[in-house]
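Participant: Below: sequence and its predicted model.
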Amino acid sequence: MNVNVKNSAKRGGRVCSSSVFYLWVLLLLLALAGLQLLFSWSLPPLPLPKLKLSLIHNDSSFLCSSSSSLQSGDSGSGRICEFGDMMVSMLPVDLPFTLFVPSPPAFDKFLKLNPVQSLTPQNFNNTYAIISRVLGFSAVPQHLSAGALPVRTEVSVDAVSGFKLLTWRDLDGMVVVNGIRSECINIRKGDVIVHIISGVLMDAEFEQSFLPDYEDR
C-alpha cells in the first residue's frame, strides 16, 4: 500500500513539474509575442529608397534642333555619321570626354569628306589623318553636358591639343562652341558625350589647308 502511494506521489510530481515547465514556455512565448507587437507599434515605418529612373538628368537629355537631319527619337541609338564614329573610336573607352563632332554637311563643306569617296581604300589613310587632326581640336577630356553649361555665359576649356574652346548654352538649350551652334546635343557613346555642331573646330593653319587656291592669293 505504501509502495502504491509513493508511486502515485512520484507520478503526480512528474505531472506537476511538466505542467509548470509547459506553463513557463507558454508565458515566455506570450511575452515574446507581446514585445514584438509593442515594437511594431512604436517604431516608425522605414522610408523606402527613391529609385533612380534615369541615368541622365532631364537637362542633359538628348536633343536636336528642328533644323537638324537627326531626330530626338534617335537618342536610344545615338546615331552619328561614319566620321563621328571614327572620332569616337580614337578616344580611350574608360575616360570621360566631350566631343564636338561636325555634322555630315559640315564634314563635306569644310573638310571635303563624304562617306562615298573618303572611305574607299585608296582614300582611307588621308581621311584618317584628317579626322585625327580634327579630333585634337574637338575633344575635351571632361564631361560637358548641355545642362552643365551656363546660359549665355562663356566657359573656357582646352581641347586635347591645347586649342582653346569657348562654349556656352543658348536660350533654346543648344550648345554653342567658338561661335558654332550645335544641331544635336548630349548623345551618349559609352563614357563620351557627343555634341553635333554645324561647323568644324580647327585652328587657322589647319583651316588654311582646305581653302581653295584662289583664296590663297
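Facilitator: Right, received. Where do you want to start? Numbers count the residues shown, from 1 in each chain.
Participant: Please, where are all the strands along this structure?
Facilitator: In the chain, strands defined by DSSP state E lie at 63-64, 97-102, 139-140, 155-158, 164-169, 175-177, 180-189, 192-197, listed in chain order.
Participant: Buried deepest among the ones you listed, which one?
Facilitator: The densest packing among those, expressed as mean neighbour count by mean count of other C-beta atoms under 10 Å, is seen in strand 97-102 with a mean of 26. Yep, even glycine has a C-beta here, placed from its N, CA and C like the rest.
Participant: Partner strands of that strand, with direction?
Facilitator: For strand 97-102, the paired strands and their directions (DSSP bridges) are strand 139-140 (antiparallel), strand 192-197 (parallel).
Participant: what does the last one contact?
Facilitator: Outside strand 192-197, the residues within contact range by C-beta atoms under 8 Å, 6 or more residues apart in numbering are 68, 70, 78, 80, 84, 88, 91, 96-103, 106, 143-146, 175, 177, 180-188.
Participant: Name the nearest residue to residue 165, ignoring sequence neighbours.
Facilitator: With sequence-adjacent residues excluded and distances taken as C-beta to C-beta, 6 or more residues apart in numbering, residue 165 is closest to residue 157, at 5.1 Å.
Participant: where does the one you found land on pLDDT?
Facilitator: With respect to pLDDT, residue 157 scores 98.
Participant: Kindly report the same for residue 64.
Facilitator: The pLDDT attached to residue 64 in the predicted structure is 87.
Participant: For it, which non-adjacent residue is spatially closest?
Facilitator: On the basis of C-beta to C-beta, 6+ apart, the spatially nearest residue to residue 64 that is not a chain neighbour turns out to be residue 184, at 4.2 Å.
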